[in-house]
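Q: whatever this is, show me its structure:
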Amino acid sequence: MKQAIPATEQVNLRTQSLDKKTPPALARVFNAEDFNAARAVKSAHKQIAAVIVAAAKTYAGKHRIIFIGAGTSGRLGILEAVECVPTFGTKPSEIIGLIAGGKKAVFRSQEGAEDNAGQGAKEIAKHAKAGDLVIGLAASGNTPYVQGALAKARQLGAQTALISCNPQAQTRYAQTHICLPTGAEALTGSTRMKAGTATKMALNAITTGAMVLCGKTYGNLMVDVRPTNQKLIARAIRLICMVAQTDEKTARKLLASSHKNVKIAIVMHKHACSRTQAQQLLKKANGFLAGAL
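A: Take a look at the predicted model:
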């Protein structure tokens, strides 16, 4: 029986004359197709919410969140994991990204690596254990490397999810399937386009949502930001000024005495207490700044 062509590989009838369009027309047609990415993410809100909860429980339980994929999908997973460190103050080992072909595939395409299911399983066996959350990323939903990884994750007792753009994706090993039906690409088969955009949007929602549930924000403020450069130091100072309702000079002193921890600095000011006392108050509140205040 002939296997159906994935939606992501089908020809887009709206863009068949792509090579005859002017630059403004190209910009318009690409943008029009990109709107489908947002619609696709909207249609998967229930499944995204389920993975947000799973990710929050995983992180709160001191287990690891792992994104694994090939090509564009793999790179997006790595990007998501890396950006959680400065944004939410996570440790690099707590949320990680794995890609078919290893680190070199981040910078240079290693196309054949995605066909190796055994390597996917091997990577997960090396990095995952029971209680972890493994999120497979594959536009087609059928990438052997990802399927091998999810199968091994289930064997190990890890939770699993799959983010794909194909309603007919292989979901045997995924406890939750986030299907983002973006349809045929403007450039046939080029899933770095709206499929990649939709995947990035879903990943943003999962990590940000999970971190909100784990107390990494105060309202919509990133109070667990790690101030490792001038821009982030300036942001940390603004946050202290805003939440603690103090001036910039005081905020700078608080940031220094808190060892560059925004939440501790705010609690120190609000309760007129030491860094150690502020740490204890935050610990009692499970890291939630609102609770410590």
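Q: only C-alpha atoms for contact and neighbour calcs from this point on.
A: OK.
Q: output the contacting helices and strands for the helix or strand bottoming out on mean pLDDT in the chain.
A: Lowest mean confidence among the helices and strands of the chain (mean pLDDT, DSSP states H and E): helix 104-107, at a mean of 89. Contacts defined by 3 or more CA pairs under 8 Å, 6 or more residues apart in numbering; DSSP states H and E place helix 104-107 against helix 71-88.
Q: any chance you could list what contacts the helix or strand following the helix it packs on?
A: Remark: after helix 71-88, the chain's next helix or strand is strand 95-99, criterion DSSP states H and E. Residues outside strand 95-99 that contact it (CA atoms under 8 Å, 6 or more residues apart in numbering): 64-71, 74-75, 77-82, 84, 105-106, 123.
Q: what about 6 Å?
A: 64, 65, 66, 67, 68, 69, 70, 74, 77, 78, 81 (CA atoms under 6 Å, 6 or more residues apart in numbering).
Q: swap in stretch 27-38?
A: 182, 194, 198.
Q: of all the residues in that stretch, which ones are buried?
A: By 16 or more other CA atoms under 10 Å, the buried positions in stretch 27-38 come out as 29, 30, 33, 34, 36, 37, 38.
Q: low pLDDT regions in the stretch 1-150 of the chain?
A: 1-3 (pLDDT under 70).
Q: can you map out the helices along it?
A: Using DSSP state H, counting those that start in this stretch, the helices of the stretch 1-150 of the chain run over 23-43, 45-60, 71-88, 104-107, 117-127, 144-156.
Q: deepest in the core, which of those is it.
A: Highest mean neighbour count among these (mean count of other CA atoms under 10 Å): helix 144-156, with a mean of 24.
Q: packing partners for the next helix or strand after that one?
A: Sequence-wise, the next helix or strand downstream of helix 144-156 (DSSP H and E) is strand 159-164. In this structure, strand 159-164 makes packing contacts with strand 133-137, strand 176-179, judged by 3 or more CA pairs under 6 Å, 6 or more residues apart in numbering; DSSP states H and E.
Q: nearest to residue 24, out of the ones you listed?
A: strand 176-179 (31.5 Å; CA to CA).
Q: next helix or strand past that closest one?
A: Remark: after strand 176-179, the chain's next helix or strand is helix 194-213, criterion DSSP H and E.
Q: could the C-alpha coordinates of that following helix be exported in CSV?
A: Extracted in CSV, the C-alpha atoms of helix 194-213 (Å, rounded to 0.1, in the frame of the first residue of the first chain):
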residue,chain,number,x,y,z
LYS,A,194,5.6,28.1,8.4
ALA,A,195,6.0,24.6,9.9
GLY,A,196,9.1,25.9,11.6
THR,A,197,7.3,29.1,12.6
ALA,A,198,4.4,27.2,14.2
THR,A,199,6.8,24.8,16.0
LYS,A,200,8.7,27.8,17.5
MET,A,201,5.4,29.3,18.6
ALA,A,202,4.3,26.1,20.3
LEU,A,203,7.7,25.7,22.0
ASN,A,204,7.6,29.3,23.2
ALA,A,205,4.2,28.6,24.8
ILE,A,206,5.3,25.4,26.4
THR,A,207,8.5,26.7,28.1
THR,A,208,7.0,30.1,29.1
GLY,A,209,3.8,28.5,30.4
ALA,A,210,5.7,25.9,32.4
MET,A,211,8.0,28.5,33.9
VAL,A,212,5.0,30.7,34.9
LEU,A,213,3.5,27.7,36.7
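Q: show me what it is packed up against.
A: Counting contacts by 3+ CA pairs under 6 Å, 6+ apart, helix 194-213 packs against helix 23-43, helix 45-60.
Q: kindly reformat the ones you listed as a markdown table containing distance to residue 238.
A: Listed next are the helices and strands packed on helix 194-213 as a markdown table, based on distance: least, CA to CA, whole Å:
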| stretch | distance to residue 238 |
| --- | --- |
| helix 23-43 | 32 |
| helix 45-60 | 27 |
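Q: so which of the ones you listed gets nearest residue 203?
A: Going by CA to CA, the one of those nearest residue 203 is helix 45-60, 8.8 Å.
Q: could I have that closest one exported to CSV, CA atoms only?
A: In CSV, the C-alpha atoms belonging to helix 45-60 read as follows (Å, rounded to 0.1, in the frame of the first residue of the first chain):
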residue,chain,number,x,y,z
HIS,A,45,-4.3,25.0,22.4
LYS,A,46,-5.7,22.0,24.4
GLN,A,47,-2.7,19.8,23.6
ILE,A,48,-0.2,22.6,24.2
ALA,A,49,-1.8,23.2,27.6
ALA,A,50,-1.4,19.6,28.5
VAL,A,51,2.3,19.7,27.7
ILE,A,52,2.7,22.9,29.6
VAL,A,53,1.4,21.1,32.7
ALA,A,54,3.6,18.1,32.0
ALA,A,55,6.6,20.3,31.6
ALA,A,56,5.9,22.3,34.8
LYS,A,57,5.5,19.1,36.8
THR,A,58,8.7,17.7,35.3
TYR,A,59,10.7,20.8,36.1
ALA,A,60,9.2,21.1,39.6
